[in-house]
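S.K.: Sequence below, structure please.
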Amino acid sequence: MAKSVQILSTKILSPLHKQELMKYGVELIEADFIKTENKPFELKDINDSLIFTSQNAVHSVLLDPKSEELKKKNVYCVGFKTKTLLSDNGFNVVAYTGYASDLAEIITLIYANESYTFFSGNLRRDTLPEAFKENGIKFNEIQVYETTLQPQKIKANPEAILFFSPSGVKSYLKHNTINKQICFCIGDTTAEALSKITKNIIVADQPTIEDVIEDVIHEYK
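M.R.: Model prediction:
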């Protein structure tokens, strides 16, 4: 790489991920465009099966001393990291998918006669609740964390931007524009949030940060 490429990450990356990029001469600017906080909640009226669509929800539920009792239940989740976190903490994960839409499909096709409690965040998408309502599946929802946007103006003009969630896209666009930059997205839902703004999008094969980093290296190597 002759000259270093300046890239903006809309989330502060781990030292390991940073090293990986810097090895290839990437100049990284990073800022957290969203903030996630646990929220007080009560573990009551819990149905037979549990749903987690993010690691944030798992971390929040684990803080509750009553969470031990939930480990007897079947768990369905979105994301490999979420699955690993649940399994490592003694939960019984029956199925996991990369996206909520795939999970909705599996549940409505195969597990529609079970009842569910969905541990969610305030900015969650309607994918699962809508699928459940349409198919008459019994579910309730407990909000266990809150995501707030942290928009900020970026003075630099990076060649590429890394996005990890639709809320990250929304937050970035409040004070910044996208013109010629390549936008690397962690998944389809994030890419969808950019679809009206740019065609210059590269979506990771698997919705993980590692895959986003791999794409960047592949593009600029």
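
S.K.: Which parts of this structure are strands?
M.R.: Under the criterion DSSP state E, strands of the chain are mapped to 5-9, 26-30, 34-38, 49-52, 74-78, 92-97, 116-121, 139-149, 160-163, 182-185, 201-203.

S.K.: got the contact list for the longest one?
M.R.: Residues from elsewhere that reach strand 139-149, judged by Cβ atoms under 8 Å, 6 or more residues apart in numbering: 33-39, 41-43, 45, 47, 51, 54, 56-57, 59-61, 115-123, 128-129, 132, 167, 170-171, 174. (C-beta placed from N, C-alpha, C; glycine too.)

S.K.: then it to PDB, C-alphas only?
M.R.: Extracted as PDB, the C-alpha positions of strand 139-149 are listed here (Å, rounded to 0.1, in the frame of the first residue of the first chain):
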ATOM      1  CA  PHE A 139     -45.000 -13.900  22.900                       C
ATOM      2  CA  ASN A 140     -44.200 -11.000  25.200                       C
ATOM      3  CA  GLU A 141     -41.300  -8.600  25.300                       C
ATOM      4  CA  ILE A 142     -39.100  -7.200  28.000                       C
ATOM      5  CA  GLN A 143     -36.900  -4.200  27.200                       C
ATOM      6  CA  VAL A 144     -33.500  -4.800  28.900                       C
ATOM      7  CA  TYR A 145     -31.300  -2.200  27.300                       C
ATOM      8  CA  GLU A 146     -31.400   1.200  25.700                       C
ATOM      9  CA  THR A 147     -29.500   2.500  22.700                       C
ATOM     10  CA  THR A 148     -29.100   6.200  22.200                       C
ATOM     11  CA  LEU A 149     -27.600   7.900  19.200                       C
END
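
S.K.: Which of the residues in it are classified as buried?
M.R.: By 16 or more other Cβ atoms under 10 Å, the buried positions in strand 139-149 come out as Phe139, Ile142, Gln143, Val144, Tyr145, Thr147.

S.K.: Mind listing the residues bridging to the fifth one?
M.R.: Read it as Tyr145. On the basis of DSSP bridges, Tyr145 is bridged to Asn38, Gly121.

S.K.: tell me the pLDDT at it?
M.R.: With respect to pLDDT, Tyr145 scores 98.
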